[in-house]
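S.K.: fold the following.
(chains A and B)
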Amino acid sequence: MVRTYALLAWTWTRAAAAYPASFALMVVLGCVTAALDIAVIMVVFANTTTLAGFSRDEVLFLYGTAGLAFTICDLLVSNLDRISQHIRAGTFDTFLIRPVGAWIQIATDRFVPTRLGRVALAATVLGYSLGALDLDWRRLWMVPVMVATGVVIFSALWTLAGALQFLLTDAPEVSSAFTYGTQQLTQYPFSVYSRDLVRGVTYVLPLAFVNWQPGLYVLGRDDPFGTPGFMRFLGPAAALVLALTAGLAWRRGIRRYRSTGS
Amino acid sequence: MIELDRAGRTFKVKRTTVHAVRDLSFSVAPGEFVGYLGPNGAGKSTTIKMLCGILTPSSGRVRVAGLDPSRRRTTLARRIGVVFGQRTTLWWDLPLKDSFELIRLLYKVDHRTFAARLAELTETLDLGAFMRTPVRQLSLGQRMRGDLAAALLHAPDVLVLDEPTIGLDVVSKASIRAFLARLNAERGTTVLLTTHDLGDIERLCRRVMLIDHGRLAFDGTLEELMASAPGHATIEDVVTHLYTSASADGQ
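M.R.: Numbering: from 1, shown residues only, chains lettered A, B, ... in the order given. From the prediction side, this is the model:
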């Protein structure tokens, strides 16, 4: 699967390079967007030193872990967004006649490596916060675990949103709410949100397990909402449940595919 | 090789149910060359899409090379070749050569077999002149030959063609027909062909199936087809007669 992914991604990279001007423009735009993201964080912290009880470096830690997971997904699977166009145009047919899964083909569809810049930015923010915070080194093992959990959770959300497109062919925006919307939510400490919203993103969509719950463990803090300590370690299980749900939804979606006339 | 048993497919369009294909049963033996005819909207493409696993049947049973296409789609893909005349399956921005190389890797064809097959297809389909041209810059005739080669690089047992000669000039049509006839005769590849060009049928198909309103309206040899409408001399007349009378029955 990794080999097939790399193969398709490389093919699309070469195809993108066939239009050199557009390719160069995308690299430049990628850098500009990343720089603007940094600027926003700088502006926020030029005016405040704490946010809902969390210090600047703690917030950057939460931002960095969720950001790293999200940007990795943005690089690797965000092309699942394109499925609604392919369904409406009927070009999704082509993905179904190849001897590799449709999911991997659509995830790599028009893959561009230029999004790597955003991954590097998120990794830099995380690296900075880890250096600035005086953390208990015995808890640092959780950092790679939470990033991996986040990658699985965001990928599963993207897959669910894609599967939904087989039903709602006219509403690609609904999917963006699922994917880009959830990323916005995980950028800040959950203590800035209302209790009901946090319940929703803990027990319904398990977003709290991307960075909030395991992050509290790494930072050695109690949950301001008072959830028990074992919740900090439920991330991988929640990610697995969500991934299985997304896989089933995807399969059902494909079986409902209607193609187009002729 | 191909088996349909009371296969049906419905679509919901604005709360009404449309039967694109209903209770369709037929079988195609290995090595046959079958023409699949029908007026626009009769259910030809729906049938084809059920055969390659793109559409899941709403009822009945479909088997291709012994496999259920909708459940074993990726396994079946190695044994079936599909060409859509209206839509390319090649990668738009890649040169033809790179598309073929990608197909080699996706279908896991080994280097030597691939090189031999590609050389043969390049010669018989005359692809040499535009091998390095991106697919988007090919003419329709060149693209169709490229699509045919792409569908055959993994040496499938069954080839399914949905209007492969649509929009082609007489010379391109003739070369594609000659190629298909040879493929069937020499390699024994089973071919199912839908077309609106009755010249394709006359020139290539020993057996003809005619579908209308999602049901099989005729199944027999080309001679039987001609004999089925006495008083009609050309294949155009016969097929026109069958389309109009089948429609009258269907209403």
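S.K.: near chain A, which residues of the stretch 51-200 of chain B?
M.R.: B:52-56, B:70, B:73-75, B:77-78, B:80, B:82, B:84, B:86-87, B:89, B:91-94, B:98, B:102, B:105-108, B:134 (Cβ under 8 Å from any Cβ of the partner chain). Glycine gets a C-beta too; all of them are placed from N, C-alpha and C.
S.K.: which of the residues you listed fall in helices?
M.R.: Mapping these onto helices (DSSP state H) picks out B:73-75, B:77, B:98, B:102, B:105-106.
S.K.: circling back: put the buried members of the residues of the stretch 51-200 of chain B next to chain A into a ChimeraX selection.
M.R.: Restricted to buried positions by 16 or more other Cβ atoms under 10 Å in any protein chain shown, the ChimeraX selection for those reads:
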select /B:52,53,54,55,56,70,73,77,78,80,82,84,89,91,93,94,98,102,106,107,134
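S.K.: can you classify residue 5 as helix, strand or coil?
M.R.: Picking chain A for this. Of the three states, A:Tyr5 takes helix under DSSP: H, G, I helix; E, B strand; the rest coil.
S.K.: that's the other chain; I wanted chain B
M.R.: strand.
S.K.: low-confidence ranges, the chain, go.
M.R.: I'll assume chain A. By pLDDT under 70, the low-scoring segments of chain A are A:169-172, A:261-262.
S.K.: wait, I meant chain B there
M.R.: Applying pLDDT under 70 to chain B picks out residues B:246-251.
S.K.: endpoints of stretch B:45-63, how far apart?
M.R.: For stretch B:45-63, the separation between the terminal residues is 17 Å (Cα to Cα, to the nearest Å).
S.K.: centre of the chain versus it, how much separation?
M.R.: Remark: stretch B:45-63 is offset 13 Å from the chain centroid, using Cα atoms, centre = their mean, to the nearest Å.
S.K.: buried stuff in that stretch?
M.R.: B:45-58, B:60, B:62-63.
S.K.: check which helices and strands the longest helix belonging to chain A sits against.
M.R.: In terms of residue count, the longest helix belonging to chain A (DSSP H) is helix A:20-47. If contacts are counted by 3 or more Cβ pairs under 8 Å, 6 or more residues apart in numbering or on different chains; DSSP states H and E, helix A:20-47 sits against helix A:2-16, helix A:56-76, helix A:116-132.
S.K.: report the strands that pair with whatever helix or strand comes next after it, each with its relative direction.
M.R.: Counting by DSSP states H and E, the element after helix A:20-47 in chain order, helix or strand, is strand A:50-51. Strands flanking strand A:50-51 in the sheet, each with its direction: strand A:54-55 (antiparallel) (DSSP bridges).
S.K.: and for the partner strand, what are the contacting residues?
M.R.: The contact list for strand A:54-55 (Cβ atoms under 8 Å, 6 or more residues apart in numbering or on different chains) reads A:49, A:62, A:189, A:191.
S.K.: of the residues you listed, closest to chain B?
M.R.: Closest to chain B out of these is A:Leu62 (40.0 Å), distances taken as Cβ to the nearest Cβ.
S.K.: and A:Thr227, what does it touch?
M.R.: A:202, A:213.
S.K.: what about it, is that helix, strand or coil?
M.R.: Judged by three-state DSSP, the three-state class of A:Thr227 is coil.
S.K.: tell me the spacing between it and A:Leu197.
M.R.: 14 Å (Cβ to Cβ, to the nearest Å).
S.K.: centroid residue for chain B?
M.R.: With distances taken as Cα atoms, centre = their mean, B:Leu161 lies nearest the centre of chain B, 1.7 Å away.
S.K.: surely it and B:Asp197 touch.
M.R.: No: contact criterion Cβ atoms under 8 Å: B:Leu161 and B:Asp197 do not qualify, at 11.6 Å.
S.K.: nearest to chain B, of the helices and strands packed on helix A:20-47?
M.R.: Comparison of the helices and strands packed on helix A:20-47 against chain B by Cβ to the nearest Cβ identifies helix A:2-16 as nearest, at 3.9 Å.
S.K.: for chain B, which segments count as strands?
M.R.: For chain B, the strands defined by DSSP state E cover B:2-13, B:16-28, B:33-37, B:59-64, B:80-84, B:158-162, B:190-194, B:207-212, B:215-221.
S.K.: got the CA positions of the first one in PDB?
M.R.: Put plainly, it is strand B:2-13. Presented in PDB, the C-alpha positions along strand B:2-13 are these (Å, rounded to 0.1, in the frame of the first residue of the first chain):
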ATOM      1  CA  ILE B   2     -19.600 -13.500 -18.500                       C
ATOM      2  CA  GLU B   3     -22.800 -14.600 -16.800                       C
ATOM      3  CA  LEU B   4     -25.800 -12.500 -15.800                       C
ATOM      4  CA  ASP B   5     -28.700 -14.100 -14.000                       C
ATOM      5  CA  ARG B   6     -31.800 -11.900 -13.600                       C
ATOM      6  CA  ALA B   7     -29.500  -8.900 -13.000                       C
ATOM      7  CA  GLY B   8     -31.200  -5.600 -12.400                       C
ATOM      8  CA  ARG B   9     -30.200  -2.100 -11.500                       C
ATOM      9  CA  THR B  10     -32.500   0.700 -10.400                       C
ATOM     10  CA  PHE B  11     -31.800   4.400  -9.900                       C
ATOM     11  CA  LYS B  12     -33.900   6.800  -7.900                       C
ATOM     12  CA  VAL B  13     -34.600   9.900  -9.800                       C
END
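S.K.: if we can go back for a sec, what are the buried residues along the longest helix of chain A?
M.R.: Residues A:23, A:26, A:30, A:34, A:37, A:41, A:45 are the ones in helix A:20-47 that count as buried (16+ other Cβ under 10 Å).
S.K.: follow-up on the earlier one: which of the strands of chain B sits most buried?
M.R.: Mean neighbour count (mean count of other Cβ atoms under 10 Å in any protein chain shown) peaks for strand B:80-84 among the strands of chain B, with a mean of 25.
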